[in-house]
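**Q** Mind folding the following:
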Amino acid sequence: MAKKEVTVSQEFIDNLNARIESLEKKLAEKDEKEDKDTIGKIADSISDSTEKTLKESGWALSSMTDAFVEAVNETADALSSLSEETDTEKLGRIPGSMVSVFRKGLDIQKKALEKFEESYEKNKDD
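**A** Numbering: from 1, shown residues only. Below you'll find the predicted structure:
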């Protein structure tokens, strides 16, 4: 089989080179645009995560404050009931009064936790 020699004009080669350069330029621009889009998406994601974290932290702090106030309130109530039940005329009731205070003391944590959960959900819904 005989080889055929193919000749191509310089103009054709120049057109091919120009087309290749044009396509390479478009590809580079596309890659650069995609990189910018990716960076923008990452920045948006970080911003959204930070905003969500700050909101949740605010809800938790507010809820903890409400729970603390609830615990203090319940503690004051327990101590006032001890005071009422143990005046000088009722000294014989001290052991029963102490049991009542202990019972109320055990409820304080439960009520504070319930207040936290209730307040957190309320803050979340607002």
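**Q** okay, CA-based contacts and neighbour counts for the rest of this
**A** OK.
**Q** who's in contact with residue 62?
**A** If a contact means CA atoms under 8 Å, 6 or more residues apart in numbering, then residue 62 has 119-120, 123 as its contacts.
**Q** Make a markdown table from those residues and add pLDDT, neighbour count and secondary structure to it.
**A** Below are the contacts of residue 62 laid out as a markdown table (pLDDT from 0 to 100; neighbours: other CA atoms under 10 Å; DSSP: H, G, I helix; E, B strand; the rest coil):
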| residue | pLDDT | neighbour count | secondary structure |
| --- | --- | --- | --- |
| 119 | 88 | 20 | helix |
| 120 | 86 | 21 | helix |
| 123 | 82 | 16 | helix |
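**Q** Going by distance to residue 46, which of the residues you listed wins?
**A** residue 123 (23.1 Å; CA to CA).
**Q** hang on, that closest one packs against residue 57?
**A** No: in this structure, residue 123 is not within contact of residue 57 by CA atoms under 8 Å, at 10.9 Å.
**Q** list the buried ones in stretch 102-121?
**A** Neighbour-count burial for stretch 102-121, with 16 or more other CA atoms under 10 Å as criterion, is recorded at 104-105, 107-109, 112-113, 115-117, 119-120.
**Q** how far away is the residue nearest the centre of the chain from residue 123?
**A** Centroid check for the chain by CA atoms, centre = their mean gives residue 53 as the closest residue, at 3.2 Å. Distance of residue 53 to residue 123, given as CA to CA, to the nearest Å: 14 Å.
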